[in-house]
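> Okay, predicted coordinates and the sequence, questions at the end:
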Amino acid sequence: MRMPRGGRLFLATCLGSLVVLVLYYQSAEKLEADAGTGGRLKKTRTPLQNLYSGDQQAQLLADQKSLQGRRELLERACLSHTKKRRVLSPEDLKHLIVDDKHNLIYCYVPKVACTNWKRVLMVLSSDGRLTEPLAIPANEAHVAGNLRTLSEFSVPEINRRLRGYLKFVFVREPFERLVSAYRNKFTRSYNTAFHKRYGTKIVRRHRNRPDPRALEKGDDVAFHEFVQYLADPRTQREEPFNEHWERVHSLCHPCLIRYDVVGKYETLERDAHAVLSLAGVDDTLRFPTSGKSTRTDGDMAARFFKHISPFYQKRLFNLYRLDFLLFNYSMPEYLKT
């Protein structure tokens, strides 16, 4: 039986939307053929071609070998721990920042040096108007519109960039990142918007007999109350997690988008240098490593989790379990699960 003409048009439209689904495996030859198409063909090689060419200096080659190992671990973890594939929507691509000049796509993860990465990308895309990343105020780096995201492009433009650009993401031990988010958003007096938006809700829901001031201000949320809020099934039923404590796999979709570089906060300086070298950036532009966003303290999370009950430790680990698995982080020894 023939399908009505209107039905065929509807089916064609639906199939057209599926092209955003990213192919998991790509060949180097295909990447070289696609990179730079659409009027952006360059005589120099793209970052993606540099990554797979294998003729860089010895130190970069050593770094690339480490990064390749992470890619392979991520691919195996995706195959083992994720079952369903789905189509990416524009909403899924809002964290992917595009630098057309250097053929880069960066998925930013809050509390993983993303402010400094945004500063660096602003310098790279400024055509020489900006030269020093740390001269850019932190709040300016987060202004919507200063950097383009992949969600702003048409489907064909999205697919071309996903095929031909170097895609990278930086990750961090999940509980260290979570504690960093709590400290920044709930213990700093200037974050009144977070106190009002989330603190008052947490106090109202998870504190016995809260006083009127706490209900109004929400500026004294304890870490154990924050953990209860995250583990409460009602929280995600009401709305998605805020990006500062949302899981990396939900922000960057590493099992649907094949990232070429998975950098780590724990080796930030070395991994950032590798990305900039692949992009052909000379040594006059260095990734900022002197700011507070690059400091790490391996015992920080252990101190905060010391007073969290085993029940809530287990529930929280289950929430962030996939990030631990995908990015090869071990279960913390301090957990009492």
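Sure thing, it's come through. Predicted, not measured: the structure shown is a model, and the values here were computed from it. Numbering: from 1, shown residues only.
> May I have stretch 326-337 as PDB, with CA atoms only?
The C-alpha coordinates for stretch 326-337 follow below in PDB (Å, rounded to 0.1, in the frame of the first residue of the first chain):
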ATOM      1  CA  LEU A 326      33.900   6.700  31.300                       C
ATOM      2  CA  PHE A 327      36.900   8.700  32.400                       C
ATOM      3  CA  ASN A 328      38.800   6.000  34.200                       C
ATOM      4  CA  TYR A 329      38.500   7.400  37.800                       C
ATOM      5  CA  SER A 330      38.600   4.900  40.600                       C
ATOM      6  CA  MET A 331      36.000   4.800  43.400                       C
ATOM      7  CA  PRO A 332      37.500   7.000  46.100                       C
ATOM      8  CA  GLU A 333      39.100   5.100  49.000                       C
ATOM      9  CA  TYR A 334      37.400   7.300  51.600                       C
ATOM     10  CA  LEU A 335      33.900   6.200  50.600                       C
ATOM     11  CA  LYS A 336      32.200   3.900  53.100                       C
ATOM     12  CA  THR A 337      29.900   2.100  50.700                       C
END
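> what separates it from the chain centre, distance-wise?
Centre-to-centre, stretch 326-337 and its host chain are 20 Å apart (CA atoms, centre = their mean, to the nearest Å).
> Report the mean per-residue pLDDT for that stretch.
Across stretch 326-337, pLDDT averages out at 93.
> where in the chain is pLDDT low?
The model of the chain has pLDDT under 70 over residues 1-44, 53-62, 290-298.
> Can you identify the strand in it that spans the most residues?
Secondary structure of the chain per DSSP state E: the longest strand is strand 166-171.
> just checking, what packs against the strand or helix carrying Val120?
Secondary-structure assignment from DSSP states H and E places Val120 in helix 114-124. Judged by 3 or more CB pairs under 8 Å, 6 or more residues apart in numbering; DSSP states H and E, helix 114-124 is in contact with strand 96-99, strand 104-107, helix 138-141, helix 268-278. Placement of C-beta: from N, CA and C, glycine included.
> Can you name the element that comes right after the third one?
Scanning the chain past helix 138-141 towards its C-terminal end, the next helix or strand to appear is strand 148-149 (assignment: DSSP H and E).
> got a list of contacts for that following strand?
Counting contacts by CB atoms under 8 Å, 6 or more residues apart in numbering, the residues outside strand 148-149 that touch it are 93-98, 100.
> Counting neighbours, which bits of the helix or strand following it end up buried?
Towards the C-terminus, the helix or strand next in line after strand 148-149, according to DSSP H and E, is helix 155-164. Going by neighbour count (16 or more other CB atoms under 10 Å), the buried part of helix 155-164 is 158-164.
> Which stretch among the helices and strands packed on helix 114-124 is buried most, on average?
strand 104-107 (a mean of 26; mean count of other CB atoms under 10 Å).
> for that strand, packing partners?
Contacts defined by 3+ CB pairs under 8 Å, 6+ apart place strand 104-107 against strand 96-99, helix 114-124, strand 166-171.
> Could you list the paired strands of the first one along with their orientation?
Under the criterion DSSP bridges, strand 96-99 sits next to strand 104-107 (antiparallel), strand 148-149 (antiparallel) in its sheet.
> Now do the first one: distance to the chain's middle.
In terms of CA atoms, centre = their mean, the centre of strand 104-107 is found 9 Å from the chain centre.
> any residues touching that strand, and which ones?
47, 95-99, 117, 121, 124, 150, 161-162, 165-169, 251-252, 257, 259, 275, 279.
> Which residues are in contact with the nearest residue to Lys101 once chain neighbours are set aside?
Ranked by CB to CB, 6 or more residues apart in numbering and with sequence neighbours excluded, the top spatial neighbour of Lys101 is Ser125, at 5.7 Å. Contacts of Ser125 were listed using CB under 8 Å, 6+ apart, and they are 99-102, 147.
> Mind doing that once more with 10 Å?
Ser125 makes contact with 97-102, 104, 146-148, according to CB atoms under 10 Å, 6 or more residues apart in numbering.
> got it, and Leu178?
Leu178 neighbours (CB under 10 Å, 6+ apart): 111, 172, 223, 226-227, 230, 244-245, 247, 301, 304-305, 316, 319-320, 323.
> The strand or helix carrying it vs strand 166-171, what angle?
Assigning secondary structure by DSSP H and E places Leu178 in helix 174-186. Relative orientation of helix 174-186 versus strand 166-171 (axes from the mean of the first three to the mean of the last three CA atoms, to 10 degrees): 80 degrees.
> and which of the contacts of Ser125 is nearest Tyr334?
Nearest to Tyr334, judged by CB to CB, of those is Ile97 at 34.3 Å.
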